[in-house]
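# Predicted coordinates and the sequence they were generated for:
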Amino acid sequence: MICEAQRQLHIRSLPEGVEGFVRVDGVHVYIERTACNLGGSRAWFLCPTCNRRCAILYPVKCRLCLRLHYASEHEGSLDRLLRKAIKHRAKHGQTSGGICVLFPSKPKRMRWHTYFRARKHAEAYETNIVTKFVSVFSS
């Protein structure tokens, strides 16, 4: 199963400064704090099954106890390249169209050098996508 599709409870959704334990679906889930390098502390759930520290609980266990996977773990190389290319375009304000539309224009206040560098990276991903796609379907 893919964990993005499961109901989840994130540690950040709890009120600030919660200590001890919380009840999740009738089960006591303990909270542990670790020190941060620059001061303060970070809260973690302790999985009731394996006692592992985790920031997200799915129903009442951690991702590993429920044998859940991320969607990106099942992607092929072509899908991974496509996701990266779309991510580059989204940084420049594109919201739809994938890689089939023209590259978005330079956002206001972005330096031209930065824009051209990012566009070059995105075009490299798109070129790899096209060559992989052609090689997959030509053989």
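That came through fine.
# And this protein, what are its domain boundaries?
The chain resolves into domains spanning 3-71, 75-138 when parsed by automatic domain parsing.
# between these, which gets the lowest average pLDDT?
Note on the domains of the chain: domain 75-138 shows the lowest mean pLDDT, a mean of 85.
# looking at it, Leu57 is touching Cys47, isn't it?
Yes: using Cβ atoms under 8 Å, Leu57 is in contact with Cys47, at 7.2 Å. All C-beta atoms are positioned from the backbone trio N, CA, C, and that covers glycine.
# Mean neighbour count for the domains of the chain - can I get that in CSV?
Conversion of those to CSV gives the following (neighbours: other Cβ atoms under 10 Å):
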stretch, mean neighbour count
domain 3-71, 13
domain 75-138, 13
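# Need the residues touching each of Leu57 and Cys47.
Val29 (Cβ atoms under 8 Å, 6 or more residues apart in numbering).
# which residues touch the nearest residue to Cys62 once chain neighbours are set aside?
Leaving aside its chain neighbours, Cys62 sits nearest to Cys47 (3.9 Å; criterion: Cβ to Cβ, 6 or more residues apart in numbering). Going by Cβ under 8 Å, 6+ apart, Cys47 touches 29, 53-54, 57, 61-62, 64-65.
# Now the residues you listed in a markdown table, please, with extra columns for distance to Asn37 and secondary structure.
Listed next are the contacts of Cys47 as a markdown table, based on distance: Cβ to Cβ, whole Å; DSSP: H, G, I helix; E, B strand; the rest coil:
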| residue | distance to Asn37 | secondary structure |
| --- | --- | --- |
| Val29 | 26 | strand |
| Arg53 | 17 | strand |
| Cys54 | 20 | strand |
| Leu57 | 25 | strand |
| Lys61 | 29 | strand |
| Cys62 | 24 | coil |
| Leu64 | 26 | coil |
| Cys65 | 29 | coil |
